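J.: one predicted model, sequence on top.
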Amino acid sequence: MGKHSRRKPSYLPKVAAGAAPLALLLAGPATSLAAQADQAIPLGSLPLPLDHQREGSFDRGVGATSEGDTTVLRGFLTSTERNVYNKDLGDAKIVADVRRSVSESVEARDGVTVRPDKVGALTASKTAQTVTQGQRNTMKLDPHGSVVAGNETKVERSAARLTEAALDPRTGTPSFTTEDARALGASEGTYHAVRPMPGFGVITETEHHAGGEIDRTLRLDGGFSGDLGGTLEAGRSSGYAVDLGELAAVGTTSAQHGGGRFKGVLPLDAGTGTDFGQEHAFGGNAGPVNGLVTTGQDAGLAQHGAVLTGSGANTISGDLGVGEVAQVHGATTSSIRGVLPTVDPAQAGHVTQSGTLDVTVLGRPAHTGVTAGALPLELRRS
């Protein structure tokens, strides 16, 4: 917000609503197309013609390399499409910008190893797919303001697999390993801005995401072992801002995230865990004065066998500045951690409280800080 003023910080989360498709990082044969048409959409009994521009690209590439005793084959495929619809209605102009992109990458590895201590063969593969779609709608009323609404949705998927068979010539012991991992994630973001006049407006942004991953490993090398693990994670964020041009600006953000995980190891071992966190921020500026207050909380709980481990923290920080004259930053953090069951009181629970204060006046900084904890009891300057 307030792009015409460099001293204004941004208080909104980064949400790529209606953003351009992913950059084409890999070179390869490409084709593109563009077309213009004058379409008509019925509006009651009157047709409403629209100017339509369409463009797209299609890139692909395949290559093979050698890395030591392994042959690597890589390939990619990327397709993008953009459709822009616009219409002038006197002083008003309506624009709809729709973008889509699809990409996929593949990597395959094959190798044979012959050494005095190992003779074996390996094969591995990795794949990744991404689908993105975004739309940005704008209505401008010259010479007044504008209204903008945008959204973007992204889905990502990846997989990896490895298989290796080997023999130790010195002992005649065979070994076999197989690994497999898969992941899936999705996110959605929205953007809205209402500007009744240039430089003034109200902006809102939101973002939601969720994802998970699962992996397994099996090993045979004279015995049998393996593990299975997985994670799940979800979160959201939102931001609201009011921009008053050169006069002032104020904004607030909020974000929460949580997740869980598990891990099992054969022949018999297992562990689980969960965590949660949230962050909030409120700030603004008026003339040369700017301020920002942030808070954050985190908590985690993990279990491994009969042992339970927990931790948590709460942080509050603030910034206040007056141009290049003075800046003040302060922060305080409270944290706790513990392990149960245990016979050591120092492991059963430990609480820490810390605080810092930094003041800079006319380019001269000053710092002070202290940390206190128990159990065991501690007090030190930081």
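T.: Sure thing, it's come through.

J.: contacts, neighbours, all on C-alpha from now
T.: Fine.

J.: so who does Cys130 touch?
T.: Actually, residue 130 is Thr rather than Cys. Listed by CA atoms under 8 Å, 6 or more residues apart in numbering, the contact partners of Thr130 are 102-104, 154-157.

J.: mind doing that once more with 10 Å?
T.: 22, 78, 101-105, 154-158, 185-186 (CA atoms under 10 Å, 6 or more residues apart in numbering).

J.: which element is it on?
T.: Element membership for Thr130 (DSSP states H and E) is strand 118-141.

J.: for the helix or strand following that strand, buried residues please.
T.: With elements assigned by DSSP H and E, the helix or strand that comes after strand 118-141 is strand 146-168. Residues of strand 146-168 classed as buried under the neighbour-count rule (16 or more other CA atoms under 10 Å) are 146-167.

J.: try stretch 329-346
T.: 329-339.

J.: just want the most central residue of this protein.
T.: His209 (8.6 Å; CA atoms, centre = their mean).

J.: quick one on the thing from earlier: export the buried residues of stretch 329-346 to TSV and tack on distance to Gly296?
T.: Below are these laid out as TSV (distance: CA to CA, whole Å):
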residue	distance to Gly296
His329	16
Gly330	14
Ala331	11
Thr332	11
Thr333	9
Ser334	11
Ser335	12
Ile336	14
Arg337	17
Gly338	20
Val339	23
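
J.: coming back round to it: and which of the contacts of Thr130 is nearest to Ala64?
T.: Proximity of the contacts of Thr130 to Ala64 (CA to CA) peaks at Ser105, which lies at 13.7 Å.

J.: how near is the closest one to Ser125?
T.: Separation of Ser105 from Ser125 (CA to CA, to the nearest Å): 11 Å.

J.: and for these two, which residues touch both?
T.: Counting by CA under 10 Å, 6+ apart, the residues touching both Ser105 and Ser125 are Arg74.

J.: now stretch 288-304: how far from the chain's centre is it?
T.: 17 Å (CA atoms, centre = their mean, to the nearest Å).

J.: for that stretch, list every residue counted as buried.
T.: Neighbour count says stretch 288-304 has 289-303 buried, by 16+ other CA under 10 Å.

J.: quick one: contacts for His144?
T.: Per CA under 10 Å, 6+ apart, neighbours of His144: 91-92, 195-198.

J.: return the member of those residues nearest to Tyr85.
T.: Nearest member of the contacts of His144 to Tyr85, counting by CA to CA, is Ala92, at 14.2 Å.

J.: neighbours of the nearest residue to that closest one once chain neighbours are set aside, how many?
T.: Nearest residue to Ala92 in three dimensions, chain neighbours excluded: Leu141, at 4.4 Å (CA to CA, 6 or more residues apart in numbering). Using other CA atoms under 10 Å, the number of residues around Leu141 comes to 17.

J.: surely Ala374 is in contact with Ala348?
T.: No - using CA atoms under 10 Å, Ala374 and Ala348 do not qualify as a contacting pair, with a distance of 11.1 Å.

J.: ok, Pro341 - contacts?
T.: Pro341 touches 306-309, 347-348, counting by CA under 10 Å, 6+ apart.

J.: let's see 8 Å
T.: Contacts of Pro341 (CA under 8 Å, 6+ apart): 306-308, 348.

J.: in strands, which of the buried residues of stretch 288-304 fall?
T.: Among these, the ones falling in strands (DSSP state E) are 289-303.

J.: what about the helices in this structure?
T.: 345-348 (DSSP state H).

J.: could you list the low-pLDDT ranges of it?
T.: Across the chain, the ranges flagged by pLDDT under 70 are 1-48, 267, 346, 376-377.

J.: can you give me the buried ones in stretch 217-227?
T.: 217-219, 226-227.

J.: ok, stretch 360-374 next?
T.: Buried residues in stretch 360-374 (16+ other CA under 10 Å): 360, 371, 373.

J.: contacts for it?
T.: By CA under 8 Å, 6+ apart, the residues outside stretch 360-374 that reach it are 324-328, 350-359, 378-382.

J.: and these, which are buried?
T.: When the contacts of stretch 360-374 are checked for burial by 16+ other CA under 10 Å, the buried set is 326-328, 350-357, 359.

J.: next, format these as CSV and append distance to Val343.
T.: Listed next are the buried ones among the contacts of stretch 360-374 as CSV, based on distance: CA to CA, whole Å:
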residue, distance to Val343
Ala326, 51
Gln327, 47
Val328, 44
His350, 14
Val351, 17
Thr352, 21
Gln353, 24
Ser354, 27
Gly355, 31
Thr356, 34
Leu357, 38
Val359, 44
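
J.: out of these, who's nearest Glu179?
T.: His350 (39.2 Å).

J.: residues contacting the closest one?
T.: By CA under 8 Å, 6+ apart, the neighbours of His350 are 336-338, 373-376.

J.: that one pairs with what?
T.: Beta-bridge partners for His350, by DSSP bridges, are Arg337.

J.: could you do Val289 as well?
T.: Those that pair with Val289 in a beta bridge, by DSSP bridges, are Ala286, Val322.

J.: what of Ser187?
T.: Bridge pairing for Ser187 - DSSP bridges - gives Lys154, His209.

J.: count of residues packed around it?
T.: The number of residues near Ser187, taken as other CA under 10 Å, comes to 18.

J.: the one 3 residues further on too?
T.: Thr190 is flanked by 22 other residues according to other CA under 10 Å.

J.: isn't it right up against Gly150?
T.: Yes - counting by CA atoms under 8 Å, Thr190 does reach Gly150; the two are 5.6 Å apart.

J.: returning to that earlier point: any idea how far the strand holding Thr130 is from the middle of the chain?
T.: Worked out by CA atoms, centre = their mean, strand 118-141 lies 14 Å from the chain centre.
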